[in-house]
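Engineer: Sequence and predicted model, in that order:
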Amino acid sequence: MSVVRRLAVAAVTLVLTTAVAGCTSGDDDGPSADRPSASSTPLRDFATDDVSVVRGDFCPRVAPQAVTDALGTDSSDEKTWANGDRVRLADGVKDVAHEYGCSWTADDGTVARAWVFAPPVTAADAADLGRKARRSDGCRALPDAPAYGAPSVAVRCGDALAFHGLFGDAWLSCSLESAGGAPEADQTGRWCVAVAQAARS
């Protein structure tokens, strides 16, 4: 089971206990049509505290060039899932998803992922999610990583590096995973900027 997906599965329990009626925040919550086009921006130069994120389907708005930059090549496989879909969350784990997400895979096994929880998340819940991410088996926190929302956490888990953070009431996550070793924080941070730009309201 991918360590990054294992983190997501573990977090679902907390999210389900805090979910309220109406998992998305309204019909007008689609990503803004005038959002900036994604560019290769370092996360440390991106003010994530000023970004509002929708709890909805943002994947079609992720810039194709951002995917190519993250993978280092073209994607050979793309998957998307939505709130309420019954999906394979990890090896041997199939359940109803309570998130909107997507993944792109290259022929060499590199995977770029992004997902946002459908239920709203409070600051207290986000702090708990961050603690769970830091304490997951095989993971270690990157204390000097740039902020990705508030609160936020960056973790290196085996061959994956992931950023998770709270944007308003939206818990947004992004990761890069490579069979050749975890990507650099800067590369993953640039991917996460593209994800936040696609998901911003």
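Structural biologist: Thanks, I have it.
Engineer: From now on I want contacts and neighbour counts done on CA atoms only, so please keep to that.
Structural biologist: Fine.
Engineer: Okay, now the unreliable bits of the protein?
Structural biologist: Along the chain, segments meeting pLDDT under 70 span 1-39, 87-95.
Engineer: which residues of it fall in strands?
Structural biologist: Using DSSP state E, the strands of the chain run over 77-81, 86-90, 93-96, 99-105, 111-117, 139-141, 152-157, 160-167, 170-177.
Engineer: Can I get those strands in CSV including mean neighbour count and distance to D57?
Structural biologist: Converted to CSV, those look like this (neighbours: other CA atoms under 10 Å; distance: least, CA to CA, whole Å):
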stretch, mean neighbour count, distance to D57
strand 77-81, 15, 9
strand 86-90, 15, 16
strand 93-96, 13, 16
strand 99-105, 22, 6
strand 111-117, 27, 9
strand 139-141, 18, 28
strand 152-157, 25, 21
strand 160-167, 27, 15
strand 170-177, 28, 12
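Engineer: Tell me which of those strands lies nearest to A198.
Structural biologist: strand 111-117 (10.3 Å; CA to CA).
Engineer: for that closest one, packing partners?
Structural biologist: Packed against strand 111-117 by the contact rule (3 or more CA pairs under 8 Å, 6 or more residues apart in numbering; DSSP states H and E) you find helix 64-71, strand 99-105, strand 170-177.
Engineer: how about TSV for these, with distance to P120 added?
Structural biologist: Shown next, in TSV, are the helices and strands packed on strand 111-117 (distance: least, CA to CA, whole Å):
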stretch	distance to P120
helix 64-71	27
strand 99-105	11
strand 170-177	6
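Engineer: how about those, which one is nearest R131?
Structural biologist: Per CA to CA, nearest to R131 of the helices and strands packed on strand 111-117: strand 170-177, 13.8 Å.
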